[in-house]
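Undergrad: Here you go, sequence then predicted model.
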Amino acid sequence: MKELLFVINTLGRAGAETALVELLNRLDPEEYRAELYVLANQGDMVSEIPKHVRLLNRHFEAISVLDLEGQKALRRQVWKAMFNRLTVVKCFPYLIKNFCAMLSERKVLPDKLLWRVMSDGGQRMEKRYDLAVAFLEGGASYYVSNHVKADRKAAFLHVDYGRAGYTRSLDRDCYLKFDKIFAVSGEVKEAFLEVYPECESRTDIFHNLIDGERIHVKAKDSGGFEDDFSGQRILTVGRLTKQKAFEISVEAMKLLKDEGLRVRWYVLGEGDQRKVLEEQIRTLGLEEDFLLLGAVDNPYPYMLQADVYVHASRYEGKSIAIQEAQILGKAILVSDCSGNREQVEHDVDGMMCDLSPAGIAAGIGELLRDEGKRKRLGEAAACKHRAEEEELNKLLSLL
């Protein structure tokens with residue numbers, strides 16, 4: 001039986017974590033003994049990990065990493081890692097060097113700095129694995145490259161490497177130590193190879209595994225919108241972070257309201273931008289029009305019931321939320337950015353727009369006013385090709 005280790009930064013409710021759960025579900029427990037280590041020791045998706053996968057964390061908190069309580073717990077984990085094995089002392093030159101580099105670029109990203117601390121201060125595994133997989137950039141990749149014994153090592157990339165704030169200095173060239181690197185889309189692959197051109201021969205595309213049948217079943221569960229609003233509904237699923245550009249979507253909602261459209265915008269997700277967005281919503285008088293519903297366990301009834309799905313972000317790797325909305329046959333509007341361009345063909349199986357209040361509002365307005373177009377685009381989206389078992393074989397063939 002082959003021994004596999006998967007490492008991820010957190011188990012928060014987000015795209016990469018969802019993709020990992022689906023991948024683990026597809027491993028045959030008769031052939032593979034899979035173990036999982038979560039660097040941050042927390043995440044509310046832990047209950048969805050398959051029973052045949054062993055969680056290695058000695059202490060794990062089944063709470064979100066995005067809400068206030070989860071952020072406090074995450075800070076405690078960082079402090080613990082800093083003083084474990086004198087990690088903060090050993091990492092001090094690294095932290096100062098990269099902090100100064102970020103400062104010179106006027107783009108200080110504390111999370112990118114601290115993943116090195118979490119990696120070096122994490123648990124240690126004495127076991128040697130047949131295959132070790134870093135399923136996310138940053139901490140997971142640092143940990144597998146430097147602190148795991150394995151015959152073969154693989155890393156996954158889920159975001160535009162440069163846009164997300166990663167550099168070779170932050171990574172300490174960790175990707176040179178991997179036998180295979182999997183990007184979730186062509187644009188993610190291209191962005192990575194601009195920084196690591198010498199990794200081209202061992203970098204491949206690995207499309208997210210999606211269980212369409214399960215999504216259709218869960219979409220019919222009880223739940224979804226509970227208000228008595230009788231107008232048209234817009235839905236977005238995503239973390240409340242700068243990447244997702246929700247402040248622009250709020251401005252777009254103001255334009256839609258000013259046009260007199262009877263519509264509400266609902267957002268499923270949590271994140272560090274909640275307070276900023278709540279203040280913006282209040283300032284614009286949109287308390288009943290742009291609703292932050294928080295993270296939910298089952299977003300699919302909302303997707304099924306929505307009239308339009310919108311995903312207007314600054315950049316993406318390959319959005320699982322978009323794929324899920326496509327599976328459910330929704331009319332989709334996305335911003336014209338990396339990642340989204342590979343998932344939606346404008347006016348064929350969805351629409352693209354500029355990432356501006358006017359651009360988003362114009363695209364939504366067009367879809368809301370044209371029921372025939374919504375139906376046509378939704379039907380085309382539902383017919384898009386889905387990744388099948390050959391994707392999983394790309395990873396397991398390393399064995």
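TA: Thanks, I have it. Residues are numbered from 1 along each chain as shown.
Undergrad: which secondary structure elements does the longest strand seen in the chain contact?
TA: Taking DSSP state E as the criterion, the chain has its longest strand at strand 149-157. Here strand 149-157 touches strand 128-134, helix 139-147, strand 180-183, helix 186-195, going by 3 or more Cβ pairs under 8 Å, 6 or more residues apart in numbering; DSSP states H and E. From N, CA and C alone the C-beta is placed, and that goes for glycine too.
Undergrad: same thing but at 7 Å, please
TA: Strand 149-157 sits against strand 128-134, helix 139-147, strand 180-183, with contacts defined as 3 or more Cβ pairs under 7 Å, 6 or more residues apart in numbering; DSSP states H and E.
Undergrad: Is it possible to get a markdown table of the ones you listed that adds mean pLDDT?
TA: Conversion of the helices and strands packed on strand 149-157 to a markdown table gives the following (pLDDT from 0 to 100):
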| stretch | mean pLDDT |
| --- | --- |
| strand 128-134 | 96 |
| helix 139-147 | 94 |
| strand 180-183 | 95 |
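Undergrad: Just tell me which of those ends up closest to K373.
TA: For the helices and strands packed on strand 149-157, proximity to K373 was assessed by Cβ to Cβ; strand 180-183 is nearest, at 32.5 Å.
Undergrad: Neighbouring strands of that closest one in the sheet, and parallel or not?
TA: strand 149-157 (parallel), strand 203-205 (parallel) (DSSP bridges).
Undergrad: so how far is that strand from its chain's centroid?
TA: On the basis of Cα atoms, centre = their mean, to the nearest Å, strand 180-183 sits 17 Å off its chain's mean C-alpha point.
Undergrad: all helices of the stretch 1-150 of the chain, in order?
TA: Along the stretch 1-150 of the chain, counting by DSSP state H, counting those that start in this stretch, helices occupy 15-25, 68-83, 87-104, 110-120, 139-147.
Undergrad: lowest-confidence stretch among the ones you listed?
TA: Mean pLDDT is lowest for helix 68-83 among those, at a mean of 80.
Undergrad: What pLDDT does the model give R124?
TA: Predicted confidence (pLDDT) for R124: 91.
Undergrad: That one - nearest residue in space that isn't next to it in sequence?
TA: Closest residue in space to R124, ignoring its immediate chain neighbours: H147 at 6.3 Å, by Cβ to Cβ, 6 or more residues apart in numbering.
Undergrad: Could you tell me how many residues sit around that neighbour?
TA: 15 (other Cβ atoms under 10 Å).
Undergrad: would you list every one of the strands in the chain?
TA: Using DSSP E, strands in the chain cover 2-8, 32-38, 53-55, 128-134, 149-157, 180-183, 203-205, 232-237, 263-268, 290-294, 308-311, 332-335, 351-353.
Undergrad: Now do the buried residues in the longest one.
TA: Along strand 149-157, the positions that meet the burial threshold by neighbour count (16 or more other Cβ atoms under 10 Å) are A150, K153, A154, A155, F156, L157.
Undergrad: Report how many residues lie close to the nearest residue to the first one once chain neighbours are set aside.
TA: Just to be clear, that refers to A150. Among residues not flanking A150 along the chain, A132 sits closest, at 3.7 Å (Cβ to Cβ, 6+ apart). Neighbour count for A132, taken as other Cβ under 10 Å: 28.
Undergrad: in the sheet, who's paired with A132?
TA: L5, K153.
Undergrad: residues in contact with it?
TA: L5, V144, V148, A150, K153 (Cβ atoms under 7 Å, 6 or more residues apart in numbering).
Undergrad: Distance check, it against H207.
TA: 22 Å (Cβ to Cβ, to the nearest Å).
Undergrad: Sounds good, over and out.
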